[in-house]
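**Q** Model the structure of this input:
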Amino acid sequence: MSFDVGQTLTNVQRNRLYNSAVNSGVWSYVEPKNLTPTWVHFDKRFGKPACSTGGFPQLRRGSLSNYVLIAQDDLNTLGFRTGGLDGIFGAATQSAVIAYQRSRGLTADGIVGCNTWRSLQENVVGTGPTNTTIN
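**A** Prediction:
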């Protein structure tokens, strides 16, 4: 379960919402403000994070989860076609990951690990609404 909220709030209201999410103890992850400057993202994560500082779990061919959907959405938003949003890390998603990694000078191993997640999340910020954005 994850939420992206507060897009229509003022900065003061958004800061209150952010602090409330952090202090509630309910959410295992609240996105840093610098990654979500115009909304607040919080979620309940499962699986071992790919980075020692937290975040999404490592993904590779054969992975099935909502995290694959997030990676697919990020990749498609950035112009790397995954063949759709289905939560299945198959051949098309792997090819998109490798192409993305090469374009950013990352190790092109087709695995969405710590560095690839960080890069995807940093590059997708500010891209605006896409055909998969739900408002």
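
**Q** The helix or strand hosting Val68: how far from the chain's middle?
**A** Element membership for Val68 (DSSP states H and E) is helix 66-77. Relative to its parent chain, helix 66-77 has a centroid offset of 7 Å by C-alpha atoms, centre = their mean, to the nearest Å.

**Q** That one: what's the following helix or strand?
**A** Sequence order places helix 91-103 as the next helix or strand after helix 66-77, per DSSP H and E.

**Q** gap between that following helix and the chain center?
**A** On C-alpha atoms, centre = their mean, the centre of helix 91-103 falls 16 Å from that of its chain.

**Q** mind listing what's buried in it?
**A** 92-94, 96-101 (16 or more other C-beta atoms under 10 Å). All C-beta atoms are positioned from the backbone trio N, CA, C, and that covers glycine.

**Q** so it versus helix 66-77, what angle?
**A** 60 degrees (axes from the mean of the first three to the mean of the last three C-alpha atoms, to 10 degrees).
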